[in-house]
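In: Give me the fold of what follows.
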Amino acid sequence: MVTGGFAVGKTAFVAAASEIEPLTTEAEITGPVAGSSAAKSTTTMALDFGRLTLDGSALYLFGTPGQRRFWFMWDGIATGATGAVVLVDCARLEESFAAVDHFEQFGVPFVVAVNGTGDHDEIRAALRLRPSAPIVDCDVRERSAVQDVLIALVEHASQVTS
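Out: All right, here's what the predicted structure looks like:
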């Protein structure tokens, strides 16, 4: 599961990682997006889907919509998930609070992926992350960077569940 705030790069993340043509549900934005200062002309209306094979195992990637009105979908997508990637933009960390809270509350292993780079100590403090929660830098447009995030997620999830 790939989640995070509006316009943080979830669709680009899934597209970069996927070994198949990703399914996207982008639609034109018809008005201002409540609670966001991000400038963007399209938004995910349902989910993004992709697949990546790592060490012979298939990871199915579900990118969630970032707008608050679509958060009801997160529970269904998280059911049975190996874990989640919480994608963050350091300029808009407050948009990541809900995702972090959700996964901590429901016990879903997650990693925080910073779209770009940032001070991990500051991010950990701002998001009130546990010391065990991995934080990794990631350029969501680069396949190898996205794969590194997913490897970190699988490794973290296997440690948490074992």
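In: make it CA atoms for all contacts and neighbour counts henceforth
Out: Fine.
In: lowest-pLDDT helix or strand in the protein?
Out: None of the helices or strands of the chain scores lower by mean pLDDT, DSSP states H and E than strand 42-44, at a mean of 61.
In: Helix or strand next in line after it, which one?
Out: Using DSSP states H and E, the helix or strand that follows strand 42-44 towards the C-terminus is strand 48-54.
In: Could you list the buried residues of that next one?
Out: Buried residues in strand 48-54, counted by 16 or more other Cα atoms under 10 Å: 48-52.
In: Which elements pack onto it?
Out: When contacts are defined as 3 or more Cα pairs under 8 Å, 6 or more residues apart in numbering; DSSP states H and E, strand 48-54 sits against helix 10-17, strand 57-63.
In: where's the first one relative to the chain centroid, distance-wise?
Out: Looking back up the chat, that one is helix 10-17. Taking Cα atoms, centre = their mean, to the nearest Å, one finds the center of helix 10-17 at 9 Å from the center of the full chain.
In: okay, Lys81: pLDDT?
Out: You called it Lys, but residue 81 is Ala. pLDDT, Ala81: 86.
In: again with Leu52
Out: 96.
In: Would you check how far apart it and Glu122 are?
Out: For Leu52, the distance to Glu122 equals 31 Å [Cα to Cα, to the nearest Å].
In: show me where pLDDT drops low in this structure?
Out: Regions of the chain meeting the criterion pLDDT under 70 cover residues 26-27, 29-46, 69, 162.
In: Nice, that's everything, thank you.
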